[in-house]
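**Q** Give me coordinates for this.
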Amino acid sequence: MNVMQQEQLIQGLSDAGCSVETVERIRTLYEAGNYDEMLHQMKVQRCVLIDEMHKSQRKVDRMDFLIRNQEKRMK
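**A** Numbering: from 1, shown residues only. Purely as a prediction, here's the structure:
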């Protein structure tokens with residue numbers, strides 16, 4: 001990766017919601033040439049994002065349930 005690609009990676013990690021610490025850890029792994037661990041850490045962060053998405057979806061589902069119940073009661 002050249003400097004431009006590294007900057008795009010760092011920006012992409014930030015855009016994906018990675019913490020400053022996570023971005024720094026992945027950047028350090030990249031600079032050390034530890035690409036396997038870098039990819040592993042990126043996949044770990046992906047799993048974190050998926051878990052957050054599922055939690056949010058459960059909240060939305062719960063809110064939909066509450067809305068439907070209130071609408072039924074108002075009829």
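
**Q** When you work out contacts or count neighbours from here on, use the C-alpha atoms and nothing else.
**A** Will do.

**Q** list the helices and strands the strand or helix carrying Val60 packs on?
**A** Val60 belongs to helix 35-74 when assigned by DSSP states H and E. With contacts defined as 3 or more Cα pairs under 8 Å, 6 or more residues apart in numbering; DSSP states H and E, the packing partners of helix 35-74 are helix 20-31.

**Q** how much space is there between the residue nearest to the spatial centre of the chain and Ser56?
**A** Residue closest to the average C-alpha location in the chain (Cα atoms, centre = their mean): Leu49, at 3.2 Å. Applying Cα to Cα, to the nearest Å, the value for Leu49 to Ser56 is 10 Å.

**Q** How about Met38?
**A** The value you get for Met38 to Ser56, if Cα to Cα is used, is 27 Å.

**Q** who's more crowded, those two?
**A** Per other Cα atoms under 10 Å, whichever of Met38 and Ser56 has more neighbours is Met38, with 19 against 12.

**Q** List the contacts of the more buried one.
**A** Ile26, Arg27, Leu29, Tyr30 (Cα atoms under 8 Å, 6 or more residues apart in numbering).
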